[in-house]
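In: structural data only, the sequence is not supplied:
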């Protein structure tokens, strides 16, 4: 629409993805993206952070720095042209599952495309509503694709000083090619 949203600037608030992207850009975090090699990731642009706040590149920058396998959905389904998750305030579907599943079908079709083309198995997002409702949508329309917050992927890749060598991700899934528990 061309609307300029000035609220975030006037309140001097920073979204967590802006903050995290800045930390990565300035080499403040030690990251091992191979810890996410078991994931082939795509990203859902959440309505409010994307269209209202213009947070298009920051989540992608983070994902590209914490994952080795990132694949965009079709261009006409992302960024300014993003699809609704099917349950947020736009539809206000709450527990009306039929409306939620129908409302989320366009997003599910875009995920299905990258699942079939690239083997995507994880849909990342930055919105709590999306994180809560997209798993049901994926289970129904695109079985085999999980849902994670972008910061779960950061947590998987984050290397802490003195940590023991990891063999699992934050969900307890095994990391390929990693063994032992010697200190890093």
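Out: Looks like it came in fine. Note that the structure is a prediction, hence the values are computed from the model and not measured.

In: just the strands in this protein please.
Out: Defined through DSSP state E, the strands belonging to the chain, from first to last, are 41-43, 122-125, 146-149.

In: need those strands in a markdown table (columns: mean pLDDT).
Out: Below are the strands of the chain laid out as a markdown table (pLDDT from 0 to 100):
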| stretch | mean pLDDT |
| --- | --- |
| strand 41-43 | 97 |
| strand 122-125 | 96 |
| strand 146-149 | 96 |
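
In: out of those strands, which comes closest to residue 139?
Out: With C-beta to C-beta as the criterion, residue 139 lies closest to strand 146-149 of those, at 9.2 Å. Quick note: C-beta positions are derived from backbone N, CA and C, even for glycine.

In: so what strands line up beside the closest one?
Out: On the basis of DSSP bridges, the sheet neighbours of strand 146-149 come out as strand 122-125 (parallel).

In: neighbouring contacts of the strand it pairs with?
Out: Under the contact criterion C-beta atoms under 8 Å, 6 or more residues apart in numbering, strand 122-125 has outside partners 39-44, 46, 59, 63, 85, 111, 131, 134, 138, 145-150, 153.

In: make it 7 Å
Out: 39-44, 46, 63, 111, 131, 134, 138, 145-150, 153 (C-beta atoms under 7 Å, 6 or more residues apart in numbering).

In: again, but for stretch 77-84
Out: 45, 47, 50, 51, 56, 72, 90, 91, 103, 106, 107, 110.

In: ok, 10 Å please
Out: Stretch 77-84 has contacts (C-beta atoms under 10 Å, 6 or more residues apart in numbering) with 1, 42-47, 49-51, 54-57, 60, 72-76, 90-91, 93, 103-111, 113-114, 130.
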